[in-house]
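>>> Based on what follows, work out the 3D shape:
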Amino acid sequence: MNRFGARTRQIRERLRASDRRYSLRQVARRIGVEPAYLSKIERGAAAPPSEATTLRLAAELGEDPDVFLAMAGKVSSDLQEIIRKRPKLFADLIRQLRDAPDEAIFTVVRVVRDGDW
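Numbering: from 1, shown residues only. So this is what the prediction gives:
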């Protein structure tokens, strides 16, 4: 879980180097948490926040929300709902793709997205 906090701090500090609006206090205020709590998250002294707060933080820092959720050890509620509708099929699909190269996964995504079956 420390990876989430360390990466969050790294991104925020990089942004702060060119824009003072990315101070810990200002980011915390904009995402709706106390600065002390955000500091604890960044230091790994607190677990990653809820899905909603993680999504606000990702948006604030300009990061991909799914990547941020994954770093926080979470899966978005919309994906959970999709998986719940066909758990066996999605579990099998994910397990089959586990060791596939990225290009193979991109191909599957393109085929499904384009409806090319």
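>>> separation between the residue nearest to the spatial centre of the chain and Ser76?
Central residue of the chain (Cα atoms, centre = their mean): Phe68, 1.7 Å from the mean position. Taking Cβ to Cβ, to the nearest Å as the measure, Phe68 and Ser76 are separated by 10 Å. For glycine as for every other residue, the C-beta is placed from the backbone atoms N, C-alpha and C.
>>> Report the next helix or strand after the longest helix along the chain in sequence order.
Taking DSSP state H as the assignment, the helix of the chain that covers the most residues is helix 2-18. Next in sequence after helix 2-18, counting helices and strands by DSSP states H and E, comes helix 24-31.
>>> packing partners for that next one?
helix 35-43, helix 51-61 (3 or more Cβ pairs under 8 Å, 6 or more residues apart in numbering; DSSP states H and E).
>>> Asp19 is nearest to which of those?
With Cβ to Cβ as the criterion, Asp19 lies closest to helix 51-61 of the helices and strands packed on helix 24-31, at 11.4 Å.
>>> and Asn2, what pLDDT?
The per-residue pLDDT reported for Asn2 equals 73.
>>> hang on, I meant Gly115
Looking at Gly115, the pLDDT reads 86.
>>> Give the burial count for Asp102, as a bare number.
Per other Cβ atoms under 10 Å, the neighbour tally for Asp102 reads 7.
>>> What distance do you get for it to Gln26?
With Cβ to Cβ as the criterion, Asp102 and Gln26 are 36 Å apart.
>>> got it, and Val33?
In terms of Cβ to Cβ, Val33 sits 12 Å off from Gln26.
>>> go on, Thr53?
For Thr53, the distance to Gln26 - Cβ to Cβ - is 16 Å.
>>> C-alpha coordinates for the lowest-mean-pLDDT helix or strand in the chain, CSV please?
None of the helices or strands of the chain scores lower by mean pLDDT, DSSP states H and E than helix 102-114, at a mean of 93. Taking Å, rounded to 0.1, in the frame of the first residue of the first chain, the C-alpha atoms of helix 102-114 are listed here in CSV:
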residue,chain,number,x,y,z
ASP,A,102,0.0,-6.4,-24.0
GLU,A,103,-0.5,-6.5,-27.8
ALA,A,104,-2.7,-9.6,-27.5
ILE,A,105,-4.8,-7.8,-24.8
PHE,A,106,-5.0,-4.6,-27.0
THR,A,107,-6.2,-6.8,-29.9
VAL,A,108,-9.0,-8.3,-27.7
VAL,A,109,-10.1,-4.9,-26.6
ARG,A,110,-10.1,-3.5,-30.1
VAL,A,111,-12.2,-6.5,-31.4
VAL,A,112,-14.7,-6.1,-28.6
ARG,A,113,-14.8,-2.3,-28.8
ASP,A,114,-15.3,-2.4,-32.6
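>>> Good, we can wrap up now.
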